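*Asks:* Next come a sequence and a model predicted from it.
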Amino acid sequence: MKLGLQMGYWGSKAPSGALELVKEAEALGYDSVWTAEAYGSDALTPLAWWGSHTSKIKLGTAIMQLSARTPTAAAMAAITLDYLSDGRFIMGVGASGPQVVEGWYGAPYPKPLARTKEYVEIVRSVLRREGPVSYDGVFYQLPYGGGEGLGKALKSTVHPLRGDLPIFLAAEGPKNVSLAAQIADGWFPFWFSPKSNDFYSLALQDGFKARGEAYDSSKFEVICPMPIVINDDIEKAADAIRPMIALYIGGMGAKAKNFHADVFVRMGYEAECARIQDLFLAGAKGEAMASIPMTMIEDVALIGPKDKIRHDLERWKETVITTVVTGGDIDSLRTLVELIL
């Protein structure tokens, strides 16, 4: 099991000490560093900056939102960053959700699976550079069929450093997870629980079957964000996780369509999710956080004293996860190396 550093997306301003944290992670043997984007900072620019100050650590986006860039623009960014980092870039993409796509990007949110498949096919075509890129899909057409009528199929002027640059997909539902195994090189779960491992393992096997292969974990990465809070007081450790769970279940998606809540519902927390959503959407965020039971937190996070975390970690090592991604300060990074590596 490898370690990754989750830098996420920015809050109200750029975080302080980020570069020092990334450099320390590389020195400690972390395999990768990951950024994200929502509707503030973008996922690519920080990686370019940190990549210019490091030499070994892999640079990944978790995730680039499909609606933020056309497939060819995403491929251009990937080619550029891969060159600048000497082949360390990992292109993580995902469909995001309708609230962000329709509210922030002003774009529709139709059939995310089919749209993702088309998107990745075009990116792969650009990276392979076997000829001018043309594509006649439901969501993407190259060249564009309307407009001036002068569109021409084009081939990247830059020869990609790697035609097989790795592409990972963010996915939470079983069909999305299967799609990741079918068309991508890795999968980002979110709010993963070891007790759901069999469910996801079957979805991954279905995806590999669709590409005519048996599932092989050595050929497929599972990069799992995992909250880890080291504290001798378990309740205080749990309280550090509750705001994030409440936000994602209660506010990161509409009540009728919230992919994060669906993950917890599949774990058996349907009633808890309904209560969290009701309280959060009513403005009672403190009550929403307080209503999250300890079992729910321990299903998706490692919390408590070092010895407890070391013990609880064993069940995670028996899952499909290949890399644990977590954040923290420099002291936390060092402790996690001791516990995991």
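*Replies:* Alright, I've got the coordinates. Numbers count the residues shown, from 1 in each chain.

*Asks:* contacts, neighbours, all on C-alpha from now
*Replies:* Fine.

*Asks:* pretty sure residue 47 is touching residue 58, no?
*Replies:* No. In this structure residue 47 lies outside contact range of residue 58 using C-alpha atoms under 8 Å: 9.7 Å.

*Asks:* if I look at the residue nearest the centre of the chain, how far off is residue 37?
*Replies:* Centroid check for the chain by C-alpha atoms, centre = their mean gives residue 62 as the closest residue, at 3.7 Å. Distance, residue 62 to residue 37, by C-alpha to C-alpha, to the nearest Å: 8 Å.

*Asks:* likewise residue 107?
*Replies:* 17 Å.

*Asks:* ok, these two, which is more surrounded?
*Replies:* Of the pair residue 107 and residue 37, residue 37 is the one with more neighbours under other C-alpha atoms under 10 Å, namely 19 against 13.

*Asks:* quick one, strands of the stretch 51-200 of the chain?
*Replies:* Ranges of strands in the stretch 51-200 of the chain, per DSSP state E, counting those that start in this stretch, are 58-61, 64-65, 89-94, 135-136, 141-142, 167-170, 186-188.

*Asks:* now those strands in CSV, with mean pLDDT and distance to residue 324?
*Replies:* Output for the strands of the stretch 51-200 of the chain, formatted as CSV (pLDDT from 0 to 100; distance: least, C-alpha to C-alpha, whole Å):
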stretch, mean pLDDT, distance to residue 324
strand 58-61, 98, 14
strand 64-65, 98, 19
strand 89-94, 98, 15
strand 135-136, 98, 36
strand 141-142, 98, 37
strand 167-170, 98, 15
strand 186-188, 98, 11
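
*Asks:* Can you say which of those is nearest to residue 241?
*Replies:* strand 186-188 (19.5 Å; C-alpha to C-alpha).

*Asks:* In TSV, list the strands of the stretch 51-200 of the chain along with distance to residue 260 and mean neighbour count.
*Replies:* Formatted as TSV, those follow (distance: least, C-alpha to C-alpha, whole Å; neighbours: other C-alpha atoms under 10 Å):
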stretch	distance to residue 260	mean neighbour count
strand 58-61	19	26
strand 64-65	16	24
strand 89-94	14	25
strand 135-136	32	14
strand 141-142	31	16
strand 167-170	12	26
strand 186-188	13	26
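
*Asks:* got CSV for those strands, with distance to residue 313 too?
*Replies:* As requested, the strands of the stretch 51-200 of the chain are exported to CSV (distance: least, C-alpha to C-alpha, whole Å):
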stretch, distance to residue 313
strand 58-61, 24
strand 64-65, 29
strand 89-94, 25
strand 135-136, 45
strand 141-142, 46
strand 167-170, 23
strand 186-188, 19
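
*Asks:* Excluding sequence neighbours, find me the nearest residue to residue 2.
*Replies:* Spatial nearest neighbour of residue 2, chain neighbours left out: residue 323 (4.4 Å); criterion: C-alpha to C-alpha, 6 or more residues apart in numbering.

*Asks:* quick one, what contacts that neighbour?
*Replies:* 1-4, 221-224 (C-alpha atoms under 8 Å, 6 or more residues apart in numbering).

*Asks:* what's the answer for residue 77, then?
*Replies:* Under the criterion of C-alpha under 8 Å, 6+ apart, the neighbours of residue 77 are residue 44.

*Asks:* what's the spacing between it and residue 206?
*Replies:* 31 Å.

*Asks:* again, but for residue 72
*Replies:* For residue 72, the distance to residue 206 - C-alpha to C-alpha - is 29 Å.

*Asks:* Could you do residue 180 as well?
*Replies:* Residue 180 sits 10 Å away from residue 206, taking C-alpha to C-alpha as the criterion.

*Asks:* Neighbour count for the two, which is higher?
*Replies:* Neighbours per residue (other C-alpha under 10 Å) separate residue 180 from residue 206, with residue 180 holding more: 27 against 22.

*Asks:* Surely that one is in contact with residue 186?
*Replies:* Yes. Between residue 180 and residue 186 there is a contact under C-alpha under 8 Å: 6.7 Å.

*Asks:* For the two, list the residues in contact with both.
*Replies:* Joint contacts of residue 180 and residue 186 (C-alpha under 8 Å, 6+ apart) are 168-169.

*Asks:* name the helices or strands packed onto the host helix or strand of residue 280?
*Replies:* In the assignment (DSSP states H and E), residue 280 maps to helix 270-281. Applying 3 or more C-alpha pairs under 8 Å, 6 or more residues apart in numbering; DSSP states H and E, we find helix 270-281 packed against helix 234-250, helix 259-266, helix 285-290.

*Asks:* switch to 7 Å and redo it
*Replies:* helix 234-250, helix 285-290 (3 or more C-alpha pairs under 7 Å, 6 or more residues apart in numbering; DSSP states H and E).

*Asks:* Can you give me the buried ones in that helix?
*Replies:* Neighbour counts using 16 or more other C-alpha atoms under 10 Å place 272-281 of helix 270-281 among the buried residues.
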